[in-house]
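Undergrad: can't give you the sequence, but here's the structure:
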């Protein structure tokens, strides 16, 4: 088990990697605790969970909204949860986002822990304190940034995940490598088979390194006024693709990363050979989808990160190093009309 | 005009006292700004307001809930408010609480300013960053602590307030004096008539000193883990009285303060003569209500500040100095059954 601590202006967040959820009582006094658990996770793993009150939720994108948060509030009140209580969110990214928002706005905020059960949530949603829900069809429109007091990453949850979920998590791990860790990039190149088959000693190491990249960036820019935008690498295109095509988040982000690599090479910020190497890695993890980008451009124009007529875009300047660049919408339009 | 700056862990909050709202453009770029305004304030003062989009709300306790916050979110989206935008809340405490919560949870938080239009909000709700709404009949059950970037206190709003509203604000000013400023206490004793008739040079001075007491306490304990509870002086009883009797917040708090003074004297933490002096001041400002406290005890037991079977209670140890004491419910029950 490895413990890492994220220090931000709003407080400390302790991340325990490779710890079993059954050991949670070592860290949290369970007598005043309530859990918010994805209904599907409860079915698969509930029999192993500590004996505390559980609020189950439908962890679906269409139900990631204020009505679910209100349902959680109500159940918290029924269980006399007060300022000295603790909430534990157990599930994927949707569950983490809802649980974090409910906890951090109930009685102006109570302590909370996150136990991410998907690979994607372990390296992304559970780390960094972004909480929130969709509103009127807009993703994560309502929310806040409040760090969980504790994140417990138990690798055993990954064993029950569908392959496609593992692949989606891998897209974010690849992203972490290319924007922040050439060492992680090497591991991903060398040990693909061991990682994809979740071999102990391999998957935990890449999770740890990806978490490390995210924690370092969040520690420097908790409120996303600058560097934290690097974590959006591949996501400006990715989100726009997701809105237009029925493909997984992982595939959409992988596609967005490939386009961003091309842009980085075309603009001269990344060596062509490094660009080819990144795209080879992405493809080797099974991401080779292609879509018609001309339909994607309209969605990008509406992207919430838009500020006037330029888009804050993340480009690479080396493997393991990214920068944020203002790119005119017209240049992005050109990329969308070109062939990639 | 006087500028004070509150420094907290989550950022700086600038408070401008004695500034005219018509000067707001000196501090905020109005082209990307939206206002949330109490409908009644809009009727009285709207013609003098800057020319920006306005969301009017019914600033009533019964509508201080998530549905009003959702209404504000929707109107913000319709007006394409984004992360670079600014929200200004204009009204009393209810409006400040709703506007602050909406702004600090929209797109994970945008910048906001508060322009309190009641005496109570000028010395209390607008200062210190507590935002939120009621839920299922429980006051301020949902909310957060996020500082406004700017608070503008324009004394001219007080001229249109009913006397009863001025008196309610005075109860909080008296509270600030007894817990934190013997100098303010002296002013209140010496200049009652000038203050109550809102004479310039008098009312602005007591507002400034009361704001100062609150800012100093919040700066030391933003998240109410300790000293900030001193601001609850008189409120544990006050809230319980409000739940049981149809009297104003000011009268309820005044009554709560008188009981707390008696308890401070009985427990030996406050000299009897100082206790009499505080109660004389409270009475001189027209607060002399009495209620049957035996009906109030049940409400205190349910108070959200309860922790097990003791209540964190604020007592005085001198005029201008308070302390937080754990008092067993049994002792509070005794006080409620005694005659005060």
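TA: Arrived safely, thanks for sending. Not measured: the values here are computed from a predicted model.

Undergrad: Around chain B, which positions in chain A sit nearby?
TA: Residues of chain A lying close to chain B (C-beta under 8 Å from any C-beta of the partner chain) are A:9-10, A:66, A:70, A:73-74, A:77, A:82-84, A:104-109, A:130, A:132, A:135-136, A:138, A:140-146, A:223-224, A:304, A:306-307. Quick note: C-beta positions are derived from backbone N, CA and C, even for glycine.

Undergrad: Give me the subset of the residues you listed that lies in strands.
TA: A:130, A:132, A:135, A:138, A:140-145, A:306-307 (DSSP state E).

Undergrad: which one is residue A:154 nearest to, not counting chain neighbours?
TA: In this structure, residue A:154 finds its nearest non-sequential neighbour in residue A:21, 4.6 Å apart by C-beta to C-beta, 6 or more residues apart in numbering or on different chains.

Undergrad: returning to what we had before: ok, of the residues of chain A next to chain B, which come out buried?
TA: Among these, those buried by neighbour count (16 or more other C-beta atoms under 10 Å in any protein chain shown) are A:10, A:66, A:73, A:77, A:82, A:104-109, A:130, A:132, A:135, A:140-146, A:223-224.

Undergrad: can you give me the helices in the stretch 51-200 of chain A?
TA: Ranges of helices in the stretch 51-200 of chain A, per DSSP state H, counting those that start in this stretch, are A:66-78, A:93-105, A:119-123, A:163-180, A:182-190, A:192-196.

Undergrad: contact partners of the fifth one?
TA: If I follow you right, that is helix A:182-190. Contact with helix A:182-190 is made by A:173-174, A:176-178, A:195, A:202, A:205-206, A:209-210, A:213, A:281, A:284-285, A:318-320, as judged by C-beta atoms under 8 Å, 6 or more residues apart in numbering or on different chains.

Undergrad: what number of residues lie near residue A:231?
TA: By other C-beta atoms under 10 Å in any protein chain shown, 25 other residues sit near residue A:231.

Undergrad: That one belongs to a helix, doesn't it?
TA: Yes - assessed with DSSP: H, G, I helix; E, B strand; the rest coil, residue A:231 lies in a helix.

Undergrad: Distance check, the residue nearest to it when sequence neighbours are not counted against chain B.
TA: Take residue A:231 and drop its neighbours on the chain: the residue closest to it by C-beta to C-beta, 6+ apart is residue A:217, 6.2 Å away. The spacing between residue A:217 and chain B, counted by C-beta to the nearest C-beta, to the nearest Å, is 16 Å.

Undergrad: can you tell me which helix or strand residue A:217 belongs to?
TA: Element membership for residue A:217, per DSSP states H and E: helix A:203-220.

Undergrad: in the helix or strand just after that helix, what's buried?
TA: Note on helix A:203-220: by DSSP H and E, the next helix or strand toward the C-terminus is helix A:235-244. Going by neighbour count (16+ other C-beta under 10 Å), the buried part of helix A:235-244 is A:235-244.

Undergrad: what is the mean pLDDT for helix A:235-244?
TA: The average pLDDT for helix A:235-244 rounds to 87.

Undergrad: go on, stretch A:30-50?
TA: Averaged over stretch A:30-50, pLDDT sits at 96.

Undergrad: Let's see the distance spanning it from one end to the other.
TA: 8 Å (C-alpha to C-alpha, to the nearest Å).

Undergrad: if I look at the residue nearest in space to the middle of chain A, how far off is chain B?
TA: What sits nearest the mean C-alpha location of chain A, by C-alpha atoms, centre = their mean, is residue A:124, with 2.6 Å. With distances taken as C-beta to the nearest C-beta, residue A:124 is found 16 Å from chain B.

Undergrad: for residue A:27, same thing?
TA: 20 Å.

Undergrad: Not counting residues beside it along the chain, what's closest to that residue?
TA: residue A:150 (5.7 Å).

Undergrad: Now do the one you found: how many residues are near it, please.
TA: 20.

Undergrad: In chain A, where is pLDDT below threshold?
TA: Counting by pLDDT under 70, chain A contains low-confidence ranges at A:302-308, A:339-340.

Undergrad: quick one, domains of chain A?
TA: A:2-160, A:163-338 (automatic domain parsing).

Undergrad: quick one on the thing from earlier: how about the contacts made by the residue nearest to residue A:231?
TA: So residue A:217 contacts A:180, A:227-228, A:230-231 (C-beta under 8 Å, 6+ apart).

Undergrad: can you pick the most crowded of those residues?
TA: Using other C-beta under 10 Å as the neighbour criterion, residue A:231 leads the contacts of residue A:217 with 25 neighbours.

Undergrad: who's in contact with that one?
TA: A:128, A:175, A:179, A:214, A:217.

Undergrad: among the residues you listed, which ones are buried?
TA: A:128, A:175, A:179, A:214, A:217.

Undergrad: Thank you kindly, that will do.
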